[in-house]
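J.: Just a sequence and a predicted model for now, questions to come.
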Amino acid sequence: MTFRLGVDVGGTFTDLLLVNESSGKTYMAKVPSTPEDSSIGVLNGVARICDESGVDPKEISKVMHGTTVATNAVLTRKGAKVGLVTTKGYRQVLQVARSFCPGGLGGWVSYVKAPLMAPLELTIEADERMGADGESVSALDVGALKRDLEALKATGEVEALTICLLNSYVNSAHEHDARKVAESIFTDIPISLSSDVVPEMQEYERTETTVVNSYVRPQVSTYVDNLQSSLEERMGGEVSLAILRSDGGLASGRASGESPVNLLLSGPAGGVAGAIYFCQRGGFDNILTFDMGGTSTDVALIQNGEARIRRETRVSDVTVRAPSVDVRTVGAGGGSIAFVPELTKALRVGPESAGADPGPAAYMKGGDKPTVCDANVVLGYLPSDVKLGGAMTIDRVAAEKAVQTIADAVGISLMEAAEGIIKIVNEAMLGALRLVSVEQGYDPRDFALVGFGGAGPLHANALGVLSGSWPVIVPPGPGVLCAYGDATTKVTDEASRTYVTRVDEISSDEFIAALKELRQKASESFAADGFSEDDLDVQYQADIRYAGQAFQLSLNVTEDQLSSEGLAVLTNEFDKQHEQLFTFAHGKDHEIVMIRAVVKARSSLQADLDEVGAEKSNLDDAIIHDTKFYYEGAWYDASIFERHKLGVGTEVPGPAIVQEMDSTTLILPGHVATVDKVGNLLINPA
Amino acid sequence: MTAKIVETNDTPFKLIDVDTVTVDIIENSLRNVREEMDAVLFRTAMSPGIREQGDCFPMVANRDGKMVVGQFGSFIHGFLEAYDDEIEEGDIILTNDPYMCNGAVSHLPDWIVLVPIFKDGRHMAWSAMFGHMSDNGGMVPGSIPIKAETIYQEGIRIPPTKLYKKGELQQDILELILHNVRTSEWNRFDLNALVASCRTAGKRCVEIAERFGDDTFYSTMQIMLDRNLEAMRAIINMIVPEEPQYFEDYVCDDGVGKGPYKIACKLWREGDVAIFDFEGTDPQAKSSINFYMNEEMFKMFFGSFTINLFDPGILFNDGFYELVDVRIPEGSLLKPKFPAALSGRTHALGRIFDVMGGVLGQGAPDAMNAAGFSDSPHLFYSGYDKNGEWFQLFQIGFGGVPGRPVGDGPDGHSLWPGFTNVPNEFIEAYFPLRIVKYEPIADSGGAGLHRGGNGLSVAYQFLVDGQIAIHDERWLTYPWGVRGGEPGMRSTKRLVRADGTEEWLPAKCDDVDVKEGDVLYFNTWGGGGWGDPLDRDPALVLTDINRGLVSIDGAKRYGVVVSDGQVDDAATETLREEIRSTRKDEGLFSFGGTIEEIKARSLEETHLPAPVSPNG
């Protein structure tokens, strides 16, 4: 028997899911995260889950891992000291940062720029110039670069080096020349070339992306190497470690160590992957995901079982050109703090959050500000008399006291204030859902809504009412869904390059040849990791726009389509989608901006995960006890049910609360939840 | 009002009570509408000016035309008074004429689209957006001719015109307009994008009204306006003293030999009302630097700047206009008489922000900033490339953000909301030029406890023969420092010909021939310094030196002596003492001398002769 292990390291908990690859049977464990070295938490978890399941660690052949190591390095600004080599005249490319001051009119007054990830003290210029047409204007001055790199090395500060030269997206020869010089001087630190990491036009974005890659690279490499060797100690030398990338694919440990910039959204991508896994098996291919945590909420749109991928990744105020699942984040979560500004007397919620420390008032860990969580407690959605899976005690009196401050400031009752807070935070999340649906030309009513994360199932039903997305789905283990996602995705790699060519200037044969070249490049990492060509599926993509336009669409295309229909297969589809989005199409002057090949390895998972009792349950047997909650100005009597006692086909009429290890699902009056065949709770209007 | 809005449903809207939470939710939804308007425009527009630089501004207004969401204030009231026709559902109005919309747009290249929003036959709200078009026809590529003496020379004038009638595009009118501009395809796309953006806003407003009820939507807009009124009442009482404050600043020249032009402003409070009086401002110019300033727009500038200091979270709107009285003398630089040329108005518009900072700062010195990059200087380069195809490049310059209470000003940044540079690789790929240098100029930011941001030096190497035009400022007067901070360095334009000869170009010029291989060094100005530079931590000065932002010589302005890469503490102490004992107290502002002194030094320091006073 072989097993695979999904591991998700979050800020507070490390979640593990052990899967029997032939039977689909699963085991779950939750252990505290160890932020100082998250591999310790992972190993603790491995010990725990093997102990509890009786599985011999040596039977685990694959460990699939979502990690926030890269994300945290960026968020806490604790990455490597990065040295940077730019083209002469461009040393300050990051300092100028496209001249952008955020905020509206007068936003500059309060704008404080974050320190550069490659400090100017460690930035030098290379005397060379590449033309925009790919012709060298002047060759690299090797002697001068050598001298300057030696001086840079003499500072003793540089822990990773980045080389980003102008127009290298067209011709990378000068970057390669510069690397040769750099390798002779910096023999023991990683060197990243912009033409390797992101061969795309736009010097600032390319520099920033490559610098961020360098910034997180030493930490990620160390982490991955250490984890790999510790796992090998316990599981044997054959175990393979794969890391979930921001775009929802898996990369081998080795590949992720080289391009860690692709891991920045590894965490949220795991949740999306998990949601897709359960919803597809439940028969839902078009879904909106809604992952609500303590400080923020991530939403994404999934069409035909695939997440939309965007060519950009954002982590706080850092934006890089790396593909990621198109997850939009709003600063609204369970810990978001409500307040009433003096001048306007408006009720505002977030973006400030009480976080895990001091946390909501109800958690009795020193917090006294009113949070969304406190409002949920006051309204009875988070029952104070049920012990939560996280072993957290809830104090209703403290929550009421905190929310009362809002009620007093606005001049309304306690319950009105609590409902107001929930409505406003729900509205903020609706805004995010609209961003990925309505604003992209999709009608949310054509999608199901999947709520997960610590607080998602509490708000999911209300969000369904607002968005009209039915059913509302709460998958099994909504608090550990990322670990499910980690365990069920496939190894992926991709290669891309800027193409910038008018469609009417090329033949489809030339185009196919360019794509095949990328396929070759994308497959290289698979060969290095021991995959054979037969294990691989390829998908080609072209980013297309009207020449001169900023907007572009990524369209999938196959070699067969191109051979039979020619390039019109792309232009026609682009016109169609443009019209759908913006009510007009231009019909000519199409330009292909980027092309890429995405290569995926086929999955080795032989059975579906088994998460639910096969028998319809007697509802009364699942009742923990009775309670009441407040909704739309009235109190309702409701029961609290134990989720794992609800078998396939069981119906739970609202008002009701469904409780499980680390999550609480609220079913509103006038709605009913049904357990589907894979264990999802499907909430629909009754 | 003379415009008549035709409604097929005459049920009046009712003002009703709306609970706080609903107001907050609708406010949030309207904020999203504005963001979506921007998103739609950026994604569908085609010209680099709009899609990369973000030179465009959205708005949603209530039924009466008061801006509820947006940033430049509403012009609809003025427009409705001037527009003598019926407006029906499905109509979309286009105009670019400042004289026909009371200065809502301030020069012809800004095209504005206005859409009345109807629901069930009732007129419910407005959406509008304007964007800077790449070309508007007229004397020069880019349509900002310095030498124009009347607006007739600045390209096509579009009076408020129905681009769509009851939903039908008036194709003839569109083609007539586009026929008159050099970049008709860019403009066509950009205009489509403006329309798509306004329509999206219309759709969203209807959705919000459907969800909450028409009367709730209608009443909430009023409540949002009232919220701003009350907030601004408090703010005005806090920061505007009853005792008049006075400030003046200058536009350096008009491009045809006269200058500097004074913008004078006196501010005082009577009861809850702040009065800005521009009496004393110099007369209108013969060239195109006039700024036909909309009073309401000025109110908006004032409001959004002050509210940022107190509550950056508020959704800002027109509700407080009755609390501000703006007085502008007719025939002045800020209220020129028709048909004065207006296309080069960006300098006076930008300078208004410095004037506002200077006059408000005297009432609230703790919150004041130095003078900064209060302009958008530009460069035009046009001609035929090596394939014989016409090209036309419009580049906005960026510079030093001033020293501020929160800290140093960023280097080479923009003060305008949403503006970004066009990536140099993009420019090199699409235009025949190479940008050989793009970097902040060391020491150009004014010294101060908080340093002014450095100006930017951009070296354009032209790869084909063509023509350039330049619009720049602050070459003569300084971006002033405050509270002991020094002024920033001024701007220069040095053209180095392929044969090695050099010339200093004036700040404003058209039709300058350039040859393949010539290099233009376009150097913008730095921001003024904030606070006493002698109080700045020497370690920070050393850091700036190591970052190439301040030179070793420039460090002496901070009284800091650096040798062998280290701060020489003793020498620094001595130098600081010496400076302290010899300098004279400049007061709140450091202007770098009187206008007379600055003019006297002009030729020597700037390589350009001083302009002649516009008053005599």
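T.: Thanks, I have the structure now. Numbers count the residues shown, from 1 in each chain, chains lettered A, B, ... in the order given.
J.: Neighbours of the residue in the stretch 101-250 of chain B that chain A sits nearest to, how many?
T.: Proximity of the stretch 101-250 of chain B to chain A (Cβ to the nearest Cβ) peaks at B:Ala231, 4.1 Å away. Using the backbone N, CA and C atoms, a C-beta is placed for each residue, glycine as well. When counting by other Cβ atoms under 10 Å in any protein chain shown, one arrives at 25 neighbours for B:Ala231.
J.: these two touch, right, it and A:Leu343?
T.: Yes. With contact defined as Cβ atoms under 8 Å, B:Ala231 reaches A:Leu343; the gap is 4.1 Å.
J.: any weak-confidence spans in chain B?
T.: Residue ranges of chain B with pLDDT under 70: B:1, B:51-56, B:72-73, B:308-314, B:616.
J.: Name the residues of the top helix by length along it that come out as buried.
T.: Scanning chain B for the helix with the most residues, using DSSP state H, yields helix B:184-212. Residues of helix B:184-212 classed as buried: B:184-202, B:204-206, B:208-209, B:212 (neighbour count, 16 or more other Cβ atoms under 10 Å in any protein chain shown).
J.: now stretch B:217-228
T.: B:Phe217, B:Tyr218, B:Ser219, B:Thr220, B:Met221, B:Gln222, B:Ile223, B:Met224, B:Leu225, B:Arg227, B:Asn228.
J.: Same list, those, but only the ones touching chain A.
T.: B:Arg227 (Cβ under 8 Å from any Cβ of the partner chain).
J.: got the buried residues of stretch B:217-228 as JSON lines, with secondary structure columns?
T.: Below are the buried residues of stretch B:217-228 laid out as JSON lines (DSSP: H, G, I helix; E, B strand; the rest coil):
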{"residue": "B:Phe217", "secondary structure": "helix"}
{"residue": "B:Tyr218", "secondary structure": "helix"}
{"residue": "B:Ser219", "secondary structure": "helix"}
{"residue": "B:Thr220", "secondary structure": "helix"}
{"residue": "B:Met221", "secondary structure": "helix"}
{"residue": "B:Gln222", "secondary structure": "helix"}
{"residue": "B:Ile223", "secondary structure": "helix"}
{"residue": "B:Met224", "secondary structure": "helix"}
{"residue": "B:Leu225", "secondary structure": "helix"}
{"residue": "B:Arg227", "secondary structure": "helix"}
{"residue": "B:Asn228", "secondary structure": "helix"}
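J.: What is the burial count for A:Phe537?
T.: Rather than Phe, residue A:537 is Asp. Look at A:Asp537: counted by other Cβ under 10 Å, it has 11 neighbours.
J.: how about it, what does it touch?
T.: A:Val599, A:Lys600, A:Ala601, A:Arg602 (Cβ atoms under 8 Å, 6 or more residues apart in numbering or on different chains).
J.: got the residues of the stretch 1-150 of chain A near chain B?
T.: Near chain B, when you scan the stretch 1-150 of chain A using Cβ under 8 Å from any Cβ, you find A:88-93, A:95-101, A:103-113, A:119-121, A:129, A:131-132, A:137.
J.: which of the residues you listed count as buried?
T.: Applying 16+ other Cβ under 10 Å to the residues of the stretch 1-150 of chain A next to chain B flags A:88-93, A:95-101, A:105-111, A:113, A:119-121, A:129, A:131-132, A:137 as buried.
J.: Which ones among those residues lie within helices?
T.: Reading helices off those with DSSP H, I get A:Val93, A:Gln95, A:Val96.
J.: Relative to A:Ala97, how far out is the spatially closest residue to the last one that is not a sequence neighbour?
T.: I take that to be A:Val96. Take A:Val96 and drop its neighbours on the chain: the residue closest to it by Cβ to Cβ, 6 or more residues apart in numbering or on different chains is B:Gly412, 4.3 Å away. Distance, B:Gly412 to A:Ala97, using Cβ to Cβ, to the nearest Å: 9 Å.
J.: same thing with A:Lys30?
T.: 41 Å.
J.: Ok, A:Val678 next?
T.: 47 Å.
J.: ditto for B:Gly397
T.: 16 Å.
J.: can you check B:His347 too?
T.: From B:His347 to A:Ala97 the distance is 25 Å (Cβ to Cβ).
J.: B:Lys147 now?
T.: 36 Å.
J.: what's B:Trp475 in contact with, if anything?
T.: Taking Cβ under 8 Å, 6+ apart as the test, what B:Trp475 contacts is B:Cys252, B:Asp253, B:Arg490, B:Ser491, B:Thr492, B:Pro506, B:Ala507, B:Trp525, B:Thr606, B:Leu608.
J.: So it, which state does it fall into?
T.: Assignment for B:Trp475 (three-state DSSP): coil.
J.: Counting neighbours, what do you get for the residue nearest to it when sequence neighbours are not counted?
T.: Closest residue to B:Trp475 apart from its sequence neighbours, by Cβ to Cβ, 6+ apart: B:Ala507 at 4.3 Å. For B:Ala507, the count of nearby residues is 25 (other Cβ under 10 Å).
J.: Likewise for the one 5 residues further on?
T.: The criterion is other Cβ under 10 Å. On that basis, B:Val512 has 19 neighbouring residues.
J.: what's the closest non-adjacent residue to it?
T.: B:Ile468 (5.0 Å).
J.: Kindly report the same for B:Asp513.
T.: Leaving aside its chain neighbours, B:Asp513 sits nearest to B:Gln467 (5.8 Å; criterion: Cβ to Cβ, 6+ apart).
J.: Read off the pLDDT value for the residue nearest to A:Val378 when sequence neighbours are not counted.
T.: Distance criterion Cβ to Cβ, 6+ apart; nearest residue to A:Val378, sequence neighbours excluded, is A:Ala418 at 4.1 Å. Listed pLDDT for A:Ala418 reads 97.
J.: now do the one 4 residues further on
T.: What the model reports as pLDDT for A:Ile422 is 96.
J.: Verify the assumption that it is located in a helix.
T.: Yes. Judged by three-state DSSP, A:Ile422 forms part of a helix.
J.: who touches it in this structure?
T.: A:Val372, A:Ala375, A:Asn376, A:Leu379, A:His459, A:Ala462.
J.: For A:Lys516, list the residues it contacts.
T.: Contact analysis of A:Lys516 by Cβ under 8 Å, 6+ apart lists A:Glu559.
J.: correct me, but the residue nearest to A:Val378 touches A:Leu382?
T.: No. A:Ala418 is beyond contact range of A:Leu382, at 11.3 Å (criterion: Cβ under 8 Å).
J.: Between these two, which is the more surrounded one?
T.: Ranked by neighbour count (other Cβ under 10 Å), A:Ala418 and A:Leu382 place A:Ala418 first, with 29 against 26.
J.: how about the helix or strand hosting that one as CSV, C-alpha atoms only?
T.: Counting by DSSP states H and E, the element that carries A:Ala418 is helix A:414-436. Provided in CSV are the C-alpha atoms of helix A:414-436 (Å, rounded to 0.1, in the frame of the first residue of the first chain):
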residue,chain,number,x,y,z
LEU,A,414,-26.8,45.8,20.6
MET,A,415,-28.4,43.3,18.3
GLU,A,416,-28.8,45.9,15.5
ALA,A,417,-25.1,46.8,15.8
ALA,A,418,-24.1,43.1,15.7
GLU,A,419,-26.2,42.5,12.6
GLY,A,420,-24.9,45.7,11.1
ILE,A,421,-21.3,44.5,11.5
ILE,A,422,-22.1,41.2,9.9
LYS,A,423,-24.0,42.9,7.0
ILE,A,424,-21.2,45.2,6.3
VAL,A,425,-18.5,42.6,6.3
ASN,A,426,-20.7,40.4,4.1
GLU,A,427,-21.1,43.3,1.7
ALA,A,428,-17.3,43.7,1.5
MET,A,429,-17.0,40.0,0.6
LEU,A,430,-19.8,40.4,-1.9
GLY,A,431,-17.7,43.2,-3.5
ALA,A,432,-14.9,40.7,-3.9
LEU,A,433,-17.2,38.1,-5.4
ARG,A,434,-18.5,40.7,-7.9
LEU,A,435,-14.9,41.6,-8.8
VAL,A,436,-14.2,38.0,-10.0
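J.: Cool, thanks, signing off.
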